[in-house]
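Colleague: predicted coordinates and the sequence they were generated for:
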Amino acid sequence: MSERTKVVAGNWKMNHGPEAVAGFVEGLELPAEGPRVMLFPPALSVAAMVARRPRGVEVGVQNIHWEPGGAFTGEVSAEMAREAGATLALIGHSERRHLFGETDEEVARKVEAAHRAGLTPLVCVGETLEQRRAGRVEEVILAQLDAALEVVDPDDPLIVAYEPVWAIGTGETATPDDAAAAHGALRARTRERGPVDPDRLAILYGGSVKPGNAAELMAAPDVDGVLVGGASLDPVSFAAIVRAGR
Ligand code: PGA
């Protein structure tokens, strides 16, 4: 067993506006002790979640711009997220990379912005099905990891999520062995090149995590928790996943 505290994080994507927050929180029965619990609602629901969250639940935004402010219509800065009570920022989610064309360079700038504002970046990496079939899993995810490691200082907080693109929202999950192999490669790379302490780096798995497969995935070597999309929208299934991480 690793010494690292398990993490269960919920990414609501573009679901649940501010009015849905109260009902979600009312239905959320969390264990008294267990993993770190994080929720990433849409930016407009962050303040409501911060106000109503159960004790200990950490709140983050799903994306930030790298500038602190200015003429960037439609964007939200890391500083504004912090002001609204967020302490985390999801960065480089595959939907950002593939639907909105986010590059490794932009991911790196956002990681720097998160640290500047006092947010912990949760950086997502993952290969497409085509890249997996071509045997390029490690090459792809290590290059994505490197882009983030390049801009962090040894004491900067950082969380990484391995989310194979083909497993997101598809009902397909990586096997615990596949996840362990990818997570092991990510940790080994961190050990090789630093600067963050590889033994303290939380690496989460994401991609069709459900109450029924969460415990098995979280028991795999080097898997320090899960990043949950669809199953985090319902408080009962999200709480069941949190319990699986105890
Ligand atoms: P999913 O999404 O659990 O719905 O597959 C995971 C994610 O995109 O973070």
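Modeller: Yes, it's here. Numbers count the residues shown, from 1 in each chain.
Colleague: who's sitting farthest from the centroid in the chain?
Modeller: Residue farthest from the centre of the chain, counting by Cα atoms, centre = their mean, is A71 at 27.8 Å.
Colleague: how about the closest residue to the ligand within the chain, what does it touch?
Modeller: Residue nearest to the ligand within the chain (Cβ to the nearest ligand atom): G229, separated by 2.2 Å. C-beta coordinates here come from the backbone N, C-alpha and C atoms, glycine included. Each residue near G229 by Cβ atoms under 8 Å, 6 or more residues apart in numbering is listed here: G10, N11, W12, K13, I168, G169, G206, V209.
Colleague: that one and G10, how far apart?
Modeller: 8 Å (Cβ to Cβ, to the nearest Å).
Colleague: try V76
Modeller: When V76 is compared with G10 (using Cβ to Cβ), they lie 19 Å apart.
Colleague: with neighbour numbers in mind, choose between those two.
Modeller: Neighbours per residue, other Cβ atoms under 10 Å: of V76 and G10, the larger number sits with G10, 30 against 19.
Colleague: which SS class is the more buried one?
Modeller: Classification of G10 using DSSP: H, G, I helix; E, B strand; the rest coil returns strand.
Colleague: list the beta-bridge partners for it.
Modeller: Counting by DSSP bridges, G10 forms beta bridges with L39, V228.
Colleague: how about the helix or strand bottoming out on mean pLDDT in the chain, does it get close to the ligand?
Modeller: Every helix and strand of the chain was ranked by mean pLDDT, DSSP states H and E. The lowest is helix 129-133, at a mean of 93. No - using Cβ under 6 Å from any ligand atom, helix 129-133 stays clear of the ligand, with a minimum separation of 14.0 Å.
Colleague: packing partners of that helix?
Modeller: Using 3 or more Cβ pairs under 8 Å, 6 or more residues apart in numbering; DSSP states H and E, no helix or strand is in contact with helix 129-133.
Colleague: now that helix: buried residues?
Modeller: Buried residues in helix 129-133, counting neighbours by 16 or more other Cβ atoms under 10 Å, are found at Q131, R132.
Colleague: now the element after that helix, going C-ward?
Modeller: Later in the chain than helix 129-133, the nearest helix or strand by DSSP states H and E is helix 137-149.
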